[in-house]
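K.L.:
The following block contains a protein sequence and its predicted model.
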Amino acid sequence: MSELLYIKDLKVYFNTEEGVVKALAGVNFEIVKGSFHGLIGETGCGKSVTGLSILKLLDNNALIEGGEIIYKDENLLDKTEKQMQKDFRGNEIAMIFQDPGSSLNPVFTIQDQIQESVKMYKKASKQEYRNIVIEELKKVKLPDVEGLLDKYPHQLSGGMKQRVMIAMMLACNPNLLIADEPTTALDVSIQAQFLQVLKNLKDKFDMTVLYITHDLAVVSEICDYVSVMYAGRIVENVPVRELFKNPVHPYSYKLVHSVLGVKTFLEDLEEIPGSVPRLIDPPSGCRFHPRCEEAIDICKTKVPQLKKIGKNHYVACHRR
Ligand SMILES: Nc1ncnc2c1ncn2[C@@H]1O[C@H](COP(=O)(O)OP(=O)(O)OP(=O)(O)O)[C@@H](O)[C@H]1O
Ligand code: SF4
Ligand SMILES: [Mg+2]
């Protein structure tokens with residue numbers, strides 16, 4: 001088993017008028033080549049910032065305070081913007097963004113945008129490119145594909161834009177696809193189709209996927225491994241079956257037991273008392289301690305580190 005990417009002690013802060021937001025406070029996980037790796041946690045815990053850090057697409061007020069992001073034995077944090085553009089973004093690592101509007105270029109047609117992705121790995125004639133783009137758009141079940149080719153992003157609905165973006169990213173044929181809540185603007189039947197498309201592509205091209213989501217039903221269906229994130233840290237890295245059979249961290253336990261049966265979305269978790277902490281002045285020690293029924297004195301002062309407790313299973317808790 002080999003990892004394609006590993007993130008070691010990644011710390012990312014943001015300068016804001018109210019103070020420094022300590023968004024990632026030591027993120028640690030690895031992604032096994034060819035796997036579907038889920039990244040879950042409540043809103044604001046740092047999932048998107050983690051994904052954006054991998055591609056070095058963070059906002060201008062971001063500060064990378066420390067850590068490593070090792071992709072195929074190279075630290076991406078040492079790469080220049082030019083190297084990232086030339087050697088990594090698109091053909092090696094592609095991302096489906098949470099907000100589809102922001103990643104489509106308003107001045108290019110749909111045909112041009114997807115063609116740019118295809119050009120990265122394939123030389124073809126104009127007509128061949130057109131046919132490939134049509135095939136890519138068909139994969140994401142867009143209606144009237146040929147009619148879409150000359151349209152601009154603003155002429156499409158939110159759901160259609162998201163599907164175009166998915167097609168664009170899949171057309172890059174990346175080794176690692178980061179999918180950040182890729183199905184939020186899609187209706188349920190299209191979601192199921194999209195997951196099927198992704199699964200097929202993963203198997204066919206041995207693609208690795210980092211799948212960021214709130215939806216535990218999707219996690220249980222498609223993921224091999226899961227990282228559970230809480231307030232800027234990973235609290236448990238776990239094979240998916242173990243997560244649902246034997247969640248070890250108190251937060252993972254609450255997540256899984258709150259959603260079993262009825263609910264699958266993490267927003268619905270009123271069963272976990274308290275709310276997600278502000279990351280400008282996060283709780284000391286274990287950031288979960290104000291909400292944890294099992295907290296003891298040391299939890300308030302000492303940050304628990306990830307410990308190996310089984311095969312591919314790590315947990316960060318003083319009581320485990
Ligand atoms: N440019 C920025 N400036 C200041 N704070 C930021 C910035 N970008 C992200 N943050 C903060 O970093 C933290 C993590 O945000 P992130 O977007 O990664 O959350 P998330 O887990 O993806 O949430 P969601 O599930 O809602 O998408 C949040 O507290 C957020 O407010
Ligand atoms: S370290 Fe302490 S507060 Fe944190 S999850 Fe474990 S028991 Fe709860
Ligand atoms: Mg997000």
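P.N.:
In hand now; what should we look at? Ligands and ions are numbered 1, 2, ... in the order given.
K.L.:
Distance-wise, check the residue of the stretch 101-250 of the chain found nearest ligand 2 relative to Lys307.
P.N.:
For the stretch 101-250 of the chain and ligand 2, the shortest gap (CB to the nearest ligand atom) falls at Pro250, measuring 4.4 Å. C-beta coordinates here come from the backbone N, C-alpha and C atoms, glycine included. Per CB to CB, to the nearest Å, Pro250 is found 15 Å from Lys307.
K.L.:
what about the two, which has more around it?
P.N.:
Set side by side, Pro250 and Lys307 show more neighbours around Pro250, with 24 against 12, by other CB atoms under 10 Å.
K.L.:
Now name the helix or strand holding Ser227.
P.N.:
strand 225-230 (DSSP states H and E).
K.L.:
In its sheet, which strands sit next to that strand, and in what direction?
P.N.:
Paired neighbours of strand 225-230 in the sheet (DSSP bridges): strand 36-40 (parallel), strand 233-239 (antiparallel).
K.L.:
ok, and what's touching that strand?
P.N.:
Here strand 225-230 makes contact (CB atoms under 8 Å, 6 or more residues apart in numbering) with 27, 29, 31-32, 35-42, 45-47, 50, 219, 234-240, 243, 249, 251-252, 255, 287-288, 312.
K.L.:
For the residue in the stretch 51-200 of the chain that ligand 2 sits nearest to, which non-adjacent residue is spatially closest?
P.N.:
The stretch 51-200 of the chain approaches ligand 2 most closely through Gly67 (21.4 Å), counting by CB to the nearest ligand atom. The shortest distance from Gly67 to any non-neighbouring residue, by CB to CB, 6 or more residues apart in numbering, is to Leu10 (3.5 Å).
K.L.:
Give me the three-state assignment for the one you found.
P.N.:
Assigned with DSSP: H, G, I helix; E, B strand; the rest coil, Leu10 falls in the strand class.
K.L.:
ok, now how distant is Glu3 from Tyr225?
P.N.:
Glu3 is 10 Å from Tyr225, by CB to CB.
K.L.:
between these two, which one's more packed in?
P.N.:
For Glu3 versus Tyr225, the count of surrounding residues by other CB under 10 Å is larger for Tyr225: 22 against 16.
K.L.:
how about the nearest residue to that one, chain neighbours excluded?
P.N.:
Tyr225 sits nearest to His37 (CB to CB, 6+ apart), 5.0 Å away.
K.L.:
Check the burial of the one you found by counting its neighbours.
P.N.:
Applying other CB under 10 Å, I find that His37 has 25 neighbouring residues.
K.L.:
if I pick it, what's in contact with it?
P.N.:
Phe29, Ile31, Thr208, Val209, Leu210, Tyr211, Cys223, Asp224, Tyr225, Val226, Ser227.
K.L.:
tell me the contacts of the second one?
P.N.:
What it means is Ile31. Applying CB under 8 Å, 6+ apart, the residues near Ile31 are Glu3, Leu4, Leu5, Tyr6, His37, Leu176, Thr208, Leu210, Tyr225.
K.L.:
Where does the second one fall, secondary structure wise?
P.N.:
Under DSSP H and E, the secondary-structure element containing Leu4 is strand 3-16.
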